[in-house]
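>>> quick one: sequence and predicted model below, then my questions.
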Amino acid sequence: MHTTTPLQAHILDTIRQHGPIPFAEYMRMALYEPGQGYYVSGKTRVGWEGDFFTSSDVSEIFAHCTGRQLLQMWEMLKQPAHFLVLEQGANRGLLGEGIRAWASQEHPAFHQALHYVSSDIGAGEDALSVASEQAPTVLLSNELVDAFPVHLVEKRGSELYEVYVGEQNGRFGELLQAPSSEEVASYLDDYKIPWRTYPDGWRAEINLDARHWMRRSAQLLLGSNPKRKRRGFLLAIDYGDLARQHYIPERFTGTLACYYQHQLTERPLLRPGEQDITAHVNFSTLIEEGRRQGLRLHKFTTQRAWLTDMGIYEELERIRQRDFAALDDIQNRASDQGQVQLLQWYNVRQRVSALTSPGGLGGFKVLILKR
Ligand SMILES: C[S@@+](CC[C@H](N)C(=O)[O-])C[C@H]1O[C@@H](n2cnc3c(N)ncnc32)[C@H](O)[C@@H]1O
């Protein structure tokens, strides 16, 4: 016997009324249905008590490096007196807190100019429909775009089908139908993906909201008066890759993943509203749509390379000299206090490797667009 949650019942009702819905619509309801969706029901989702953790949880050093990036941008813009940074999908605001604390300690003049606003759909601020009274100078996000609903497509013969969610014996089940829009149908061809040569059953995700978000973000950066030449940056960090590396035949089942209490599952139709559903980001979408909107590519690299550029190893060395210099002395190290310190030092070092490891967070991509 299985019990039906109110959200499951609501999605089933929708399907009974309208027929099968595109997977993207199911995902939208599972994550964002007002009051019930995963990201909007007011529960702890991110962090050690939630379902997954992010770079912001791993170490405050991540915030310090991001702060250094913002400082560089502020300097490139000739140190404006008012520097508005809007972070989207900020969750509990950990990154912003870390950046502000770092700036107040290390760069008081920058700290004074910095107006850092954290926003999140959990607090009613949807990055896809945000209207800002004041145009931000920097739009920043960490693991935002991977949360947007995705269409799922599957290759069969020479055709591309879309995955829909219907009802089978009172439960959710998948079925394949024609693509729900021309934008879905032509998406892979837009990026010149030779999907027709891929094996049957090959699946991929199509994140149309990433395009819409980039359009919206570019408009936000431009401000309400497009004639006034404003300068600004968009910084987005996420897992994913350029289209040609992302949509490859070897990735036969795509990149859709679900997280429930730190466990990875591959069953998105289970527990809607209780588990996170995400997919890797096609960064070509962001870059190409950004360009179409008048932005230029400033940087596209891995988190590992970016953190290295932003001085993560210098900071590690500074921390060692400041807090763990006593460990240089072998006798100190052998004492009980020294042993405790040694463990603390290993912990700091371990966190830096977690942020930079190529197979983990270090393999994330960092995209900076500018105008
Ligand atoms: C994976 S978490 C990342 C949280 C935070 N950026 C960090 O690094 O710890 C994704 C966050 O994006 C938020 N989010 C998802 N979709 C959003 C949207 N359309 N607009 C604004 N925030 C959104 C979620 O509520 C969640 O807090």
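That came through fine.

>>> distance check, the closest residue to the ligand within the stretch 1-150 of the chain against residue 45.
Nearest residue of the stretch 1-150 of the chain to the ligand, counting by C-beta to the nearest ligand atom: residue 89, 2.9 Å away. (C-beta placed from N, C-alpha, C; glycine too.) Look at residue 89 and residue 45: by C-beta to C-beta, to the nearest Å, they are 11 Å apart.

>>> quick one, which of the two is more surrounded?
The neighbour count for residue 89 versus residue 45, taken as other C-beta atoms under 10 Å, is higher for residue 89 (25 against 18).

>>> now the more buried one. Nearest residue, chain neighbours left out?
Spatial nearest neighbour of residue 89, chain neighbours left out: residue 144 (3.4 Å); criterion: C-beta to C-beta, 6 or more residues apart in numbering.

>>> residues contacting the one you found?
Contacts for residue 144 (C-beta atoms under 8 Å, 6 or more residues apart in numbering) come out as 88-89, 127, 236, 238.

>>> how about JSON lines for those residues, with secondary structure added?
Formatted as JSON lines, the contacts of residue 144 follow (DSSP: H, G, I helix; E, B strand; the rest coil):
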{"residue": "88", "secondary structure": "strand"}
{"residue": "89", "secondary structure": "coil"}
{"residue": "127", "secondary structure": "coil"}
{"residue": "236", "secondary structure": "strand"}
{"residue": "238", "secondary structure": "strand"}
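
>>> list just the nearest of these to residue 161.
Nearest to residue 161 among the contacts of residue 144: residue 238, at 27.0 Å, using C-beta to C-beta.

>>> count the neighbours of that closest one for me.
Residues contacting residue 238 under the criterion other C-beta under 10 Å number 23.

>>> what is the strand ranked longest in the chain packed up against?
Looking across the chain with DSSP state E, the single longest strand is strand 159-168. Contact partners of strand 159-168 among helices and strands, from 3 or more C-beta pairs under 8 Å, 6 or more residues apart in numbering; DSSP states H and E: helix 6-18, strand 21-22, helix 23-32, strand 151-156, strand 171-177, helix 182-190.

>>> mind doing that once more with 7 Å?
helix 6-18, strand 21-22, helix 23-32, strand 151-156, strand 171-177 (3 or more C-beta pairs under 7 Å, 6 or more residues apart in numbering; DSSP states H and E).

>>> so what would you say the end-to-end distance of stretch 294-305 is?
26 Å (C-alpha to C-alpha, to the nearest Å).

>>> nearest residue to residue 62 other than its sequence neighbours?
Setting aside the residues directly before and after it, residue 62 is nearest to residue 55 in space (C-beta to C-beta, 6+ apart), at 4.4 Å.

>>> list the contacts for residue 103?
Each residue near residue 103 by C-beta atoms under 7 Å, 6 or more residues apart in numbering is listed here: 67, 110-111, 114.
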